[in-house]
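1. sharing a model that was predicted from the sequence below.
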Amino acid sequence: MGVTGPPGPVMDRDEVDRALARLGAEYEAIETSLLALQDHAGRRLLEGAELTGVTKERWTAAEASITLLWAYFDAYTDALRSARDIRARRRWSSRDDLVELTELLRGECVTVAGSATATANAPTLHGGPGKLSEQFSLAALVDRMNELYATSLDMVVAADAVWSALPARIDLLAAELQRTRRLAHSVGVRPGEHPAGDDLERITRTLTRLREEVVSDPLAYWAPAPGSSAPGGGKPDTTVYDREARALEDVRREIDAVLTVRQDAEQRLVRLRDVLSRADRTLAEARTARGEVLAKIAATEVPVVSGPPTALQEQLAMAAEYRRQAQWHRLSPLLESLEQKAEDELLRARESLTAVTAPLAVRAELRGRLDAYRAKVARHGLAEDALLIERYDAARRMLWSAPCDLRVAEQAVLRYQQAAAEQFAGPRVPGPGGPQDRRGES
């Protein structure tokens, strides 16, 4: 390189020393950064990986940038060494030395000759096509190295972050998926036979494809942080992974439900048979009671009692067959449906029995009321009252005869109650022989 004249005022000795100290510190920092980038685990992985997609494109550019970075650093090292040699010629630099140092430290006197491949693929300061050689000042060269280093490190850190986060998590989820598949198969949850089996197949395909894509194109699963300029600013995009993890958890809950059915199936079937048996017995009791009501109660509408539903018995038999064949995934929803239907059937049978026996309950209530008033009459000393005896006998004949007309019997009971109430309210003068009947006076 030749000296063509200093760019601006000639630097004095102190300015030269300060500039050399600053450039020396920058040299140390740049060297440390380049060596760290060279040893970065992500860079080594990128060198050995079979890349595809956006990662392949960016790594091709990053490799060229790293190659060019070392070429720039070598040129920077040579220029800094030359400046230090000139400064070391004498303790008190001559004007010619200072002019030469000013040109070297401030002028565009650093020529970088790179390989055609490196410069063609590396990004340039102005975004234009690469050059076979470039002229820089030391300050501009530092800026250029910082720019290339930042873009290269950003790419390496992002790829390494994705590789560090996603493949291991995918492998853990895949292992859980295999355990779930074996468990599902053991309880009859298979593709084409149960929706959960189809979901397991889909999750398997998705995870296999996801791992292949993450390994070959990690940058496709990198989400840069908005507004961040720091290298590696962002985080792995786990959207697909999270979705499949949630889907697998849903399937696992479904299989757990099927497992619960397998464990409790026999007990639940026994309970179902018991509930349906009670419903049948209640309906039989209602039919018997209906015949009794029709024979004993007159002028009363008695509802018809239907027979037990054969559909429930058929479904119960189907459930037992599913259990014998270990088709737990089919047994689970059938048992849930049957349990609700069986409870509804038992409730319907009880309501039928209540509706059918309502007239008998009314007759029993009237009988009880009649006897209660007779006891009250006796306590008041009116047991021998002819009118009360007559009305009591009339009501009793109606209530204890068959068929019983409840409307007429109820009127007879009311007449007996009214007569008794009138006697209770009438004037009575006790004599030496006890209470006296004074109805004749009234």
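-> Structure's in. What do you need?
2. which element is Val112 on?
-> When secondary structure is defined using DSSP states H and E, the element that contains Val112 is strand 110-113.
3. now that strand: mean pLDDT?
-> Strand 110-113 shows a mean pLDDT of 76 in the predicted model.
4. tell me the domain ranges of this protein?
-> As given by automatic domain parsing, the domain ranges for the chain are 13-160, 162-257, 269-357, 361-427.
5. with only the CA atoms kept, save the strand holding Val112 in CSV.
-> Extracted as CSV, the C-alpha positions of strand 110-113 are listed here (Å, rounded to 0.1, in the frame of the first residue of the first chain):
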residue,chain,number,x,y,z
VAL,A,110,-6.8,-1.4,3.6
THR,A,111,-7.4,-3.6,0.6
VAL,A,112,-9.3,-6.8,1.1
ALA,A,113,-9.0,-9.4,-1.6
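6. what about the closest residue to Pro224 other than its chain neighbours, how many neighbours?
-> Spatially, and ignoring its direct neighbours in sequence, Pro224 is nearest to Gly234 (4.0 Å; Cβ to Cβ, 6 or more residues apart in numbering). Yep, even glycine has a C-beta here, placed from its N, CA and C like the rest. When counting by other Cβ atoms under 10 Å, one arrives at 17 neighbours for Gly234.
7. what about the domains of the chain, which gets the closest to Gln263?
-> Gln263 sits nearest to domain 269-357 of all the domains of the chain, at 9.6 Å, using Cβ to Cβ.
8. roughly how far does Arg323 sit from Val270?
-> In this structure, Arg323 lies at 11 Å from Val270, with Cβ to Cβ, to the nearest Å as the measure.
9. no, scratch that, I was asking about Pro195
-> Summarising the geometry, the distance separating Pro195 from Val270, computed by Cβ to Cβ, is 29 Å.
10. hmm, back to that, okay if I get the domains of the chain as a markdown table plus distance to Gln263?
-> A markdown table is the format used below for the domains of the chain (distance: least, Cβ to Cβ, whole Å):
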| stretch | distance to Gln263 |
| --- | --- |
| domain 13-160 | 47 |
| domain 162-257 | 11 |
| domain 269-357 | 10 |
| domain 361-427 | 44 |
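11. the stretch 101-250 of the chain: strands as residue ranges?
-> When assigned using DSSP state E, counting those that start in this stretch, the strands of the stretch 101-250 of the chain occupy the ranges 110-113, 133-136, 222-224, 234-236.
12. OK, contacts around Thr208?
-> The neighbourhood of Thr208, defined by Cβ atoms under 8 Å, 6 or more residues apart in numbering, consists of Ala174.
13. who's in contact with Trp59?
-> With contacts defined as Cβ under 8 Å, 6+ apart, the neighbours of Trp59 are Leu46, Leu51, Met155, Ala159.
14. hmm, 7 Å instead?
-> Residues counted as contacts of Trp59 (Cβ atoms under 7 Å, 6 or more residues apart in numbering) are Leu46, Leu51, Met155.
15. just to be sure, the second one is in a strand?
-> No: in this structure, Leu51 is coil, not part of a strand, as judged by DSSP: H, G, I helix; E, B strand; the rest coil.
16. for it, give its distance to Ser65.
-> Distance check for Leu51 against Ser65: by Cβ to Cβ, it reads 16 Å.
17. same check on the last one?
-> When Cβ to Cβ is the yardstick, Met155 and Ser65 sit 9 Å from each other.
18. CSV for the contacts of Trp59, including pLDDT, distance to Glu339 and neighbour count?
-> Formatted as CSV, the entries for the contacts of Trp59 read as follows, by pLDDT from 0 to 100; distance: Cβ to Cβ, whole Å; neighbours: other Cβ atoms under 10 Å:
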residue, pLDDT, distance to Glu339, neighbour count
Leu46, 91, 60, 22
Leu51, 93, 57, 20
Met155, 91, 60, 25
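19. which of those residues lies closest to Glu212?
-> Taking Cβ to Cβ as the measure, Leu51 is the one of those closest to Glu212, at 12.2 Å.
20. and stretch 382-390, which residues are buried?
-> Within stretch 382-390, the residues that qualify as buried are Leu382, Asp385, Leu388, counting by 16 or more other Cβ atoms under 10 Å.
21. between those residues, which is nearest Val356?
-> Distance ranking of these against Val356, using Cβ to Cβ, places Leu388 first at 34.7 Å.
22. for the strand or helix carrying that closest one, name the packing helices and strands.
-> In this structure, Leu388 is located in helix 386-399 according to DSSP H and E. Helices and strands touching helix 386-399, by 3 or more Cβ pairs under 7 Å, 6 or more residues apart in numbering; DSSP states H and E, are helix 328-379, helix 406-425.
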